[in-house]
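1. return atomic coordinates for the entry below.
(chains A and B)
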Amino acid sequence: MSLLEQPPVAVEPPEEVPESARRRLLRSLAEGELSALRVVLMLALIWLIFQAQEDRFLSSTNLTNLLLQITSIGCISVGVVLVLLLGEIDLSVGAVSGFTSGIMAVLMVRHGWPAAAAIGAALVVGAAIGTFNGLMVTQFGIPSFVVTLAGSLAWQGGLLYVLGTTGTVNLAPGLVTDLTGTFYGAAVGWALAAAILAIDVGLLLARHRRRVAAGLPAQGVARMVIEPLALAAALIASVLVFSDDRGIPLAVLILVGFVVFFSWLTQDTEFGRHVYATGGNVEAARRAGIGVDRVRVAVFALASTMAAVGGVMAASRLMAVNQSSGGSDTLLLSIAGPVIAGVSLFGGRGRVSAALLGALVIGSISNGMDLLALASSAKYVITGAVLCVAVTIDALARRQRQLAGRH
Amino acid sequence: MERFVAKGVCKRFGAVQALVDVDFELDAGEVVALVGDNGAGKSTLIKAISGVQPGDAGQFWFEGEPVEIRTPVDAYRLGIATVYQDLALCDNLDVVANLFLGAELLVHGPGHAVRVLDEIAMEQRTLELLATLSVTTLRSVRSEVGALSGGQRQAVAIARSLLGAPKLVILDEPTAALGITQTHQVLALIERLREQGLAVVVISHNLANVFHVADRIVVLRLGRRAATFDRRTTTQDQVVAAITGASLPRPELLLGPDGASVPS
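-> Sure, this is the predicted structure:
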């Protein structure tokens, strides 16, 4: 009895057809494997367009301003990326950033708390709110969309309550305002850049040696050569631009620090692997023995904590907390950024670096339109259109994967 | 001594008697196909053995010892691994990550406390495991599983079940929805499991595949064990007859539940 006698199979799935190099490149650009490159190209295009319209756009002063403008949104986006990786959403991050920064400001100004303690209290409240969101989603099965939408309203009310009748709490210069008001000189910048590059290359070489020693294939040229070169170029350009203006902003170092930490957490640790697994196929993750509920609660807690960090950064830059803190377009932009930079709304795909890249894209559009003195109406429409295009690309990439028999 | 014996397994869902006093036995290095029409009780029996849905009655022996299987963890500890039809893979993760899902290897030293993944050890172990299974069609173990063919995905799922060094592997419809070439690859993989001394249970609707790979064929019908065949002395028609209940197989081919010929 041989296989040839088996009844004919209705549809024979095609064996793997070798892709042409050009097709593979296009696919990886569209599907996120090279999405970082796609976003960098998008950013370059946006910068060229604005520079052509207004030659102050690429000045060192404006670029420094741009980076300072995105630190708050960028920090919030780091948490949003984690939630999106689960295939969930957190619509309360804007309100939570406002509410927690309000708590910080009131504790400092009205109750005389030391700045560090007040910041700590804001972060703890953020973590508690996130834990609550996570428990509502996991224990009661309420969609995160609904829980966090309700939370968004409630925490806006919370902000109004803690601010009381005055509506605004101004911050005296101190630790909090220093977060966005501190700049380091060129010497510090070059030392930092050299240290970052040395650590990156050192880790890369160590990993390469261990792979070779273990008899595994070496990593590709992109990983071994192009990435370190791109990092070096970005570091040199950043130091040159920043030191031409006020110096290296502490706020940018804080944002980059969070991005690096959460990139490590998601890519290199067991927790991160479980986040991707839960977002990719929750049933498979559960059957593999992963505590998916614990993972979800932890991610919501981290997201709200990062929202609180973003709130502190926003308060620092504004030197005040008022009734519109964390309101307006904070929520929309902090979700739009990662999505534009290739984090899938359907879960399981994307990287934390998208928080930084996405905030840069969103921030550049907003900053450029401000420079051009466009009307608010045009700004909203354009930002909305960019988001819509980004989400469409995500949906198309997903459909393409499904057509190719992938899910 | 047989590796695995089940006796008198019963399961009732409301008014439906899904399994009636079913016996099942399996030896090391043996592939047993479990066949039957829809609703015959194949999946119910598998769920009872794998602890996913324990039976109402029935006793199990594993390597001669009486054992309890009430949960999937019980089955896992005994060395029973199950590969379900839906494979339960994360398409967004690569082959290495899927193999070690929920059982990731961690680095030694200071990174262990913060649970840093040991990617190199996992990748090495993946390559070794796939080599012992002679899976050679994968371009890279760092490919996303979602980008693999159906046969490759099945191979990944089977390889994952082998990580815990099981003694009994249950495969639920491993060749369903696969093309001819990929089916052939999976059947070759099952033969390799047998060569390694594993006991293998295969549920399948495809009798051609069953005859290709199985040593014995157990037919369930309406929740009862209807017949047992030795593959070498049986034709597909006889198995089909037993599945549909059209006619009883010729008595000299019919083996009793204990493998001995039933006196006619």
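2. please make it C-alpha for all contacts and neighbour counts, starting now.
-> OK.
3. packing partners of the helix or strand hosting residue A:107?
-> Secondary structure assignment for residue A:107, by DSSP states H and E: helix A:93-109. Packing partners of helix A:93-109 (3 or more C-alpha pairs under 8 Å, 6 or more residues apart in numbering or on different chains; DSSP states H and E): helix A:60-85, helix A:115-140, helix A:144-163, strand A:168-170, helix A:292-318, strand A:320-322, helix A:330-340.
4. helix, strand or coil for residue B:32?
-> strand (DSSP: H, G, I helix; E, B strand; the rest coil).
5. who does it bridge with?
-> residue B:201, residue B:216 (DSSP bridges).
6. mind listing what it touches?
-> Applying C-alpha atoms under 8 Å, 6 or more residues apart in numbering or on different chains, we find residue B:32 in contact with B:26, B:200, B:201, B:202, B:214, B:215, B:216, B:217, B:218.
7. quick check: the first one vs chain A, distance?
-> In other words, residue B:26. Look at residue B:26 and chain A: by C-alpha to the nearest C-alpha, to the nearest Å, they are 23 Å apart.
8. write out the residues of the stretch 101-250 of chain B neighbouring chain A.
-> With C-alpha under 8 Å from any C-alpha of the partner chain as the criterion, the stretch 101-250 of chain B comes near chain A at residues B:101-104, B:106, B:114-117, B:120, B:123-124, B:146-147, B:149, B:178-180, B:184, B:206-209, B:211-212.
9. can you select the buried ones from the residues you listed in PyMOL?
-> To isolate the buried members of these in PyMOL, using 16 or more other C-alpha atoms under 10 Å in any protein chain shown:
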select buried, chain B and resi 101+102+104+106+115+116+117+120+123+124+146+147+149+178+179+180+184+207+208+209+211+212
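10. who is residue B:81 paired with across the strands?
-> residue B:169.
11. neighbours of it, just the number please.
-> Applying other C-alpha atoms under 10 Å in any protein chain shown, we find 26 residues neighbouring residue B:81.
12. list the helices and strands the helix or strand containing residue B:190 packs on?
-> For residue B:190, the element it lies in under DSSP H and E is helix B:180-195. Contacts defined by 3+ C-alpha pairs under 8 Å, 6+ apart place helix B:180-195 against helix B:150-162, strand B:199-203, helix B:207-213.
13. rerun at 10 Å
-> Applying 3 or more C-alpha pairs under 10 Å, 6 or more residues apart in numbering or on different chains; DSSP states H and E, we find helix B:180-195 packed against strand B:31-35, helix B:119-132, helix B:150-162, strand B:168-172, strand B:199-203, helix B:207-213.
14. wait, is residue B:225 part of a helix?
-> No: according to three-state DSSP, the state of residue B:225 is strand, so it is not within a helix.
15. ok, back up a step: please point out which parts of the helix holding residue B:190 sit buried.
-> B:180, B:182-194.
16. let's have those in a markdown table, adding pLDDT.
-> Formatted as a markdown table, the buried residues of helix B:180-195 follow (pLDDT from 0 to 100):
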| residue | pLDDT |
| --- | --- |
| B:180 | 87 |
| B:182 | 85 |
| B:183 | 89 |
| B:184 | 89 |
| B:185 | 87 |
| B:186 | 89 |
| B:187 | 93 |
| B:188 | 91 |
| B:189 | 91 |
| B:190 | 93 |
| B:191 | 93 |
| B:192 | 92 |
| B:193 | 93 |
| B:194 | 93 |
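17. since that was my last question, I'll sign off now.
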